[in-house]
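# Got a predicted model here, sequence first, then my questions.
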Amino acid sequence: MEQDISYTVEEVANLLKVSKLTVYDLLKKGTLPSFKVGRQMRIQAKDLQLFINGKQSNNHLPQKESNQQMHVQNQTQTKRRVVISGQDLVLDMLGKQLDKLGSFVSLRSNEGSLNGLISMYKDECDIVSLHMFDAETGTYNLPYVNRILVGHSYMVLNLLSRNAGLMVSKSNPLHLQNWTDLQGNNIRFINREVGSGARILLEEQLKLYHIQPSQVHGYHHVESSHLAVASAIAAGKADVGVGIEKVAKLVDLEFIPLIKERYDIVIRKTLENEVLLQQIQKIVTNPDFIKEIQSLGNYDTSLTGEVIFETE
C-alpha cells in the first residue's frame, strides 16, 4: 500500500470484510488511527496495513517522526470520538455543533434506525437517530427502544418531525394515494434495506392493511438511503418508494404525505456520557440551531429539544 493513499470507512469495511459499525468502533476506541476531512473520517493505507499486521503504527519509525506522530495522536485522543448513527442531513449539523464545543470529535455512521439501536446496545454507537413506527401502539420509537435497550438507562430527545409517505414521479401518473395502492404488478415499487425506519414503516402499514409483501411488486428491490430511492424513481427505474418530503423535493419528485414521523435521538445515560448528554441538550435547545433546521424547509421543529422519555 502506498503511503499517500487513504480510505473511507466504507472502503475499510469492504477491505476487512466487516460492517461499517465495526470500523467505527475501532476508530472510536483509537485502535485504528484516522483523520478527518470535512465531515468524513479517513484511514491512511499504512495505518490500515499495520493494523492488519497487528503492529503499532510507530514501531518502525525514526524516533523523531515517532514522537511527532505520537504528539498528533495524543492531541486527537484528548477529544472523545462520538459515533452518530443515521442519515438525515440535520445529523451532520448536530455533529458540526458538537465538534465546535471542543470536547468531542463526531463520526458519522449511515446505518438505519434499528441497526443503529442494536449497535448502541453493543456499545458500538453513541448517538442513534430513530424514526420507527409501531403499528400496535400507533407511536414512534419508544416501543423499540424499550425492548432493545433493556437493562440500560437512556434519554430520548426529539430532533425534529417530518412528513413521510410515498415518493412518485412528477404529476403522479399512476394516481397513487395510499398504502393500499402499492398492490398490483403494474406498480414498480422500490424498497429500503432491512432495519431502516422507512422499511419498518412500510412493513407496519402492510400489516395494518393486511397486505402481503408478495403483493407488492418490487418489494425485494432494495436501496440503502432515501436519496437512492428517490434517484431511482427520478431515473424511471421504479414508480414509487417510501421516503420523506425533504428528499422528494430535492430530487423534484411528487410527494404524497401519509404520516408525520417523530425523528428522535437516543443517548445512553452513563458516567462516560454525562458531559455528552449535557452538550447535546445544549445544542438541540439552542434557538440558533433550531432556526438552522427551519431554514432547510420541510421540517417541523415544534418538539425539537423536548425530552420524549428518560429512564430514572
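Now that the structure is in, tell me what you want to look at.
# so what's the most centrally placed residue in the chain closest to, chain neighbours aside?
Among the residues of the chain, the smallest C-alpha distance to the mean C-alpha position (CA atoms, centre = their mean) belongs to Gly86, namely 0.9 Å. Nearest in space to Gly86, with sequence neighbours left out and distances taken as CB to CB, 6 or more residues apart in numbering, is Ser129 at 3.0 Å. C-beta: built from backbone N, CA, C; applies to glycine.
# wait, what's in contact with that neighbour?
Contacts were defined as CB atoms under 8 Å, 6 or more residues apart in numbering; by that measure Ser129 touches 84-88, 91, 113, 116, 159, 263-265.
# Out of these, which one has the lowest pLDDT?
The lowest pLDDT within the contacts of Ser129 belongs to Gln87, with 90.
# Would you enumerate the residues in contact with that one?
110, 112, 129, 225-226.
# So which of those are in strands?
In strands, defined here by DSSP state E, the members of these are Ser129.
# Which of the contacts of Gln87 sits closest to Met120?
The closest of the contacts of Gln87 to Met120 turns out to be Ser129 (CB to CB; 10.9 Å).
# For the closest residue to Leu277 other than its chain neighbours, name its beta-bridge partners.
Excluding its sequence neighbours, the residue lying closest to Leu277 (CB to CB, 6+ apart) is Ile267, at 5.4 Å. Going by DSSP bridges, Ile267 is paired in beta bridges with Ile127, Met155.
# What of Val82?
Bridge pairing for Val82 (DSSP bridges) gives the partners Ser106.
# For the stretch 201-312 of the chain, just list every one of the strands.
When assigned using DSSP state E, counting those that start in this stretch, the strands of the stretch 201-312 of the chain occupy the ranges 222-223, 240-244, 254-268, 307-310.
# go on, the stretch 51-200 of the chain?
For the stretch 51-200 of the chain, applying DSSP E, counting those that start in this stretch gives strands covering 80-85, 104-109, 127-130, 133-134, 139-140, 154-168, 189-192.
# Go through those strands and name the closest to Glu306.
strand 154-168 (4.8 Å).
# Which elements pack onto that closest one?
For strand 154-168, the contact count by 3 or more CB pairs under 8 Å, 6 or more residues apart in numbering; DSSP states H and E identifies helix 89-101, helix 142-148, helix 226-234, strand 240-244, helix 245-250, strand 254-268, helix 274-284, strand 307-310 as packing neighbours.
# quick one on the thing from earlier: residues in contact with the residue nearest to Leu277?
With CB under 8 Å, 6+ apart as the criterion, the residues that contact Ile267 are 126-127, 154-155, 157, 273, 276-277, 280.
# re the thing from before, among the strands of the stretch 51-200 of the chain, which is nearest Thr8?
Closest to Thr8 of the strands of the stretch 51-200 of the chain is strand 104-109 (CB to CB; 11.0 Å).
# Could you give the separation of stretch 207-221 from the chain centroid?
Centroid separation for stretch 207-221 versus its chain: 25 Å, with CA atoms, centre = their mean, to the nearest Å.
# And for stretch 87-97?
Per CA atoms, centre = their mean, the centroid offset for stretch 87-97 relative to its chain is 10 Å.
# Next, the buried residues of that stretch.
Of the residues in stretch 87-97, those buried under the neighbour-count criterion (16 or more other CB atoms under 10 Å) are 87-88, 90-95, 97.
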